[in-house]
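1. Just to be clear, the model below is a prediction. Sequence and coordinates:
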Amino acid sequence: MSHSVFFRGPRRRTVVGCTLLLISLAAGPVACGVDGDPLAAHPFDAADQIAYNAPDDNDKKADPDKPLEITASDSDGRITDVTAVDARGRYLAGELSADGSRWHSTAPLAAGTHYTVRVSTEDEDGAPGRKVLEFDTAVPKSKKMLNVALGPDTGTYGVGQPVTAQLSEPVKDKASRAIVERALKVDSAPAVDGSWYWVDDKTLHYRPKDYWPAHATVTVHSDLAGVKVADRLWAADSKPVQLTVGDRLIAVTDAAAHRMTVYKNDQVLRRIPVTTGRPGYDTRNGIKVILAKQPAVRMRGTTIGISRNSGDSFDLMVYWAARVTWSGEYVHAAPWSVDYQGYANVSHGCTGMTTGNAHWFFDTVRLGDIVQVVNSRGRQMDPFGNGYGDWNLDWDKWSKGSALIPDKPGPSPADIARLRPQAV
């Protein structure tokens, strides 16, 4: 239903100027105002100045597939401002024409929610008007639901823990990705620069430019509920998460020196003799994040492609294991290699140490803490797919993984003319 009414007749106002008076300190206050027009202080109801395309019948609901349009119903007045907010406090983006004759939403309406719209107007004499509109939006009958699982679970993590968003449906085109990304909110105290990265069509990771500050609080939530992401694809609500960041704990393993140095808040906490991967099983270089902690785990050579009949085959119960890749790289107790720890690399890719040091490391680190390997002959840790290698991308490459990075504009005609060779 479209609502349309007419402007009132011209409203004449006599303005009384404010005169500066010299008075004694004991004198009472002198007020300056407008004579004869109380509407200057109290805007009139602008219902007769606007038309809009949302229903006012409680039994009818607006189609979220259509933009909200508000127009001035007479050429003698204009719209000066429109603010539209849904029940979750989300503002609806819109655009007001230069002459104030029309406002329209530039972002999709959310489905299945209630909107409150405040419209400000001005008549031909400059008298201000106000109107509050309210309406509900329908839930589309033919649709897919996009569910977003935010991670990790609420808890305390190390400074390297990325935030993740797993989508139930693929989102491929850049415009739809931008809708998703704008609605995924990550706030930290203290504040940091950070960005989302599209790992694939269904996975996003978020990290700051540098590691999270020690003892920061990170809150993550989605404003996507009811939002149209793509054709026939609407988003559902998501459970928010909150991360507490612990101390800045970074373990640096020098594979050539056979030693791990553990830093806590940039101070050396312990130096540990270690052994890393031997030739053919070299430990990956790069920055890794602790994914899991297991007091005991069965490790078998067959899980990394070693035949049972090979001389390299093994089947062991391993204790105090901190996992850093999904392919099976751990920091763990290796009592069978104590004679080599600090002197040679003899493992199948894990970082081994004494049982006492491994127990201490296990008790000291938490999920999200950093384990960095340097000076290994192994290949570089992959950024994605084998754990959290996110920190192996520099900030410039990471930020380009966002859907909100604008396309680089081509040269303007003036630039082309300036670059064109000039005739001599």
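-> Great, that's in hand. Just so you know, these numbers come straight off a predicted model, no measurement behind them. Numbering: from 1, shown residues only.
2. What segments of the stretch 251-400 of the chain are strands?
-> Assignment of strands within the stretch 251-400 of the chain using DSSP state E, counting those that start in this stretch yields the ranges 259-264, 267-273, 286-289, 292-300, 315-323, 330-333, 351-353, 370-374.
3. Restricting to C-alpha, output the last one in CSV.
-> The C-alpha trace of strand 370-374 is given here as CSV (Å, rounded to 0.1, in the frame of the first residue of the first chain):
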residue,chain,number,x,y,z
ILE,A,370,52.5,-19.4,18.6
VAL,A,371,55.0,-22.0,17.7
GLN,A,372,57.5,-20.7,15.1
VAL,A,373,60.1,-22.9,13.4
VAL,A,374,63.1,-21.3,11.8
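4. Counting by contacts, list what that strand packs against.
-> Using 3 or more CB pairs under 8 Å, 6 or more residues apart in numbering; DSSP states H and E, the elements in contact with strand 370-374 are strand 249-254, strand 286-289. Any C-beta I mention is one placed from the backbone N, CA and C, and that applies to glycine too.
5. Okay, buried residues for that strand please.
-> Neighbour counts over strand 370-374 (16 or more other CB atoms under 10 Å) mark 370-373 as buried.
6. residues near Pro67, how many?
-> Using other CB atoms under 10 Å, Pro67 has 16 other residues around it.
7. Shouldn't it be within a strand?
-> No - counting by DSSP: H, G, I helix; E, B strand; the rest coil, Pro67 falls outside a strand, being coil.
8. Now it: closest residue in space, sequence neighbours ignored.
-> Ser105 (4.5 Å; CB to CB, 6 or more residues apart in numbering).
9. Find the residue closest to Ala47 in space, skipping its chain neighbours.
-> Counting by CB to CB, 6+ apart, Ala47 lies nearest to Lys131, which is 5.4 Å off, once chain neighbours are set aside.
10. How about the one you found: which residues does it bridge to?
-> Judged by DSSP bridges, the bridge partners of Lys131 are Val119.
11. Could you tell me which residues make contact with it?
-> Neighbour list for Lys131: 45-47, 49-50, 118-119, 121 [criterion: CB atoms under 8 Å, 6 or more residues apart in numbering].
12. let's go with 7 Å and repeat that
-> Counting by CB atoms under 7 Å, 6 or more residues apart in numbering, Lys131 makes contact with 45-47, 50, 119.
13. now swap in Gln166 and tell me
-> Listed by CB under 7 Å, 6+ apart, the contact set of Gln166 reads 149, 151, 202-203.
14. run the last query once more with 10 Å
-> Contact analysis of Gln166 by CB atoms under 10 Å, 6 or more residues apart in numbering lists 147-151, 199, 202-204.
15. Just to be sure, it is in a strand?
-> Yes - counting by three-state DSSP, Gln166 is located in a strand.
16. mind listing what's buried in stretch 207-223?
-> Buried-residue list, stretch 207-223, by 16+ other CB under 10 Å: 207-208, 211-213, 216, 218, 220-223.
17. returning to that earlier point: check the spacing between the residue nearest to Ala47 and Val119 real quick.
-> Lys131 sits 5 Å away from Val119, going by CB to CB, to the nearest Å.
18. likewise Phe135?
-> In terms of CB to CB, Phe135 sits 13 Å off from Val119.
19. got any residues that touch both of these two?
-> With CB under 10 Å, 6+ apart as the test, Phe135 and Val119 both reach 52, 84.
20. still on that earlier bit, closest to Ser327 among the contacts of Lys131?
-> Using CB to CB, Val119 comes nearest to Ser327 of the contacts of Lys131, at 58.7 Å.
21. Could you check the pLDDT of the closest one?
-> The model reports Val119 with a pLDDT of 94.
22. That one reaches Glu134, doesn't it?
-> No - Val119 is not in contact with Glu134 according to CB atoms under 10 Å; the separation is 11.7 Å.
23. Which of these two has more residues huddled nearby?
-> For Val119 versus Glu134, the count of surrounding residues by other CB under 10 Å is larger for Val119: 23 against 11.
24. Please name the residues that touch the nearest residue to Ala256 once chain neighbours are set aside.
-> Spatially, and ignoring its direct neighbours in sequence, Ala256 is nearest to Asn375 (3.9 Å; CB to CB, 6+ apart). Taking CB under 10 Å, 6+ apart, we find Asn375 in contact with 253-258, 276, 285.
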